[in-house]
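Peer 1: I would like the atomic coordinates for the input below:
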Amino acid sequence: MTRSLAVEWADKNVRVNSISPGYIMTDLIKGHELIPRWKELSPLERMGRPEELQGAALYLASDASTFTTGTDIVVDGAYTCV
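Peer 2: Predicted coordinates:
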């Protein structure tokens with residue numbers, strides 16, 4: 001959807017990007033029984049922290065990304081690489 005909308009809205013100077021986070025430790029999932037398994041499956045052997053998504057979000061919101069559209073930034077500690 002990100003790529004399709006980026007093409008559709010490009011002529012209106014609208015950029016469309018997305019961030020795909022991996023397993024991020026938040027209050028919502030603290031204590032979940034699958035946390036040890038998620039850590040085991042991650043090459044970094046840990047879950048991400050919410051603040052580790054900030055850099056990607058700040059980049060996309062900044063003037064540094066004016067030529068970035070149709071992009072998905074994966075912030076998952078290499079989880080999708082294995």
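Peer 1: got the contact list for Ile24?
Peer 2: By C-beta atoms under 8 Å, 6 or more residues apart in numbering, the contact set of Ile24 is Met47, Gly48, Arg49, Pro50, Glu52, Leu53. In short, each C-beta sits where N, CA and C put it, glycine included.
Peer 1: hang on, I meant Tyr79
Peer 2: With contacts defined as C-beta under 8 Å, 6+ apart, the neighbours of Tyr79 are Gly22, Tyr23, Leu41, Ser42, Pro43.
Peer 1: Would you agree the third one is in contact with Cys81?
Peer 2: No. Taking C-beta atoms under 8 Å as the contact criterion, Leu41 and Cys81 are not neighbours in contact, 11.3 Å apart.
Peer 1: which one of these two has more residues nearby?
Peer 2: Higher neighbour count among Leu41 and Cys81: Leu41, with 13 against 8, using other C-beta atoms under 10 Å.
Peer 1: what's the closest non-adjacent residue to the more buried one?
Peer 2: What sits nearest to Leu41 in space, not counting adjacent residues and going by C-beta to C-beta, 6 or more residues apart in numbering, is Tyr79, at 6.8 Å.
Peer 1: And the one you found, how close does it get to Arg46?
Peer 2: 11 Å (C-beta to C-beta, to the nearest Å).
Peer 1: Equivalent analysis for Gly31, please.
Peer 2: Look at Gly31 and Arg46: by C-beta to C-beta, they are 16 Å apart.
Peer 1: out of the two, which sits in the busier spot?
Peer 2: Arg46 (12 against 6).
Peer 1: Tell me if I'm right that that one and Ala78 touch.
Peer 2: No. Between Arg46 and Ala78 there is no contact, the gap being 11.3 Å when judged by C-beta under 8 Å.
Peer 1: how many neighbours does Ser18 have?
Peer 2: When neighbours are counted by other C-beta under 10 Å, Ser18 registers 16.
Peer 1: Please disregard the earlier target; I meant Ile73.
Peer 2: Applying other C-beta under 10 Å, we find 17 other residues in the vicinity of Ile73.
Peer 1: Kind regards, and thank you for your time.
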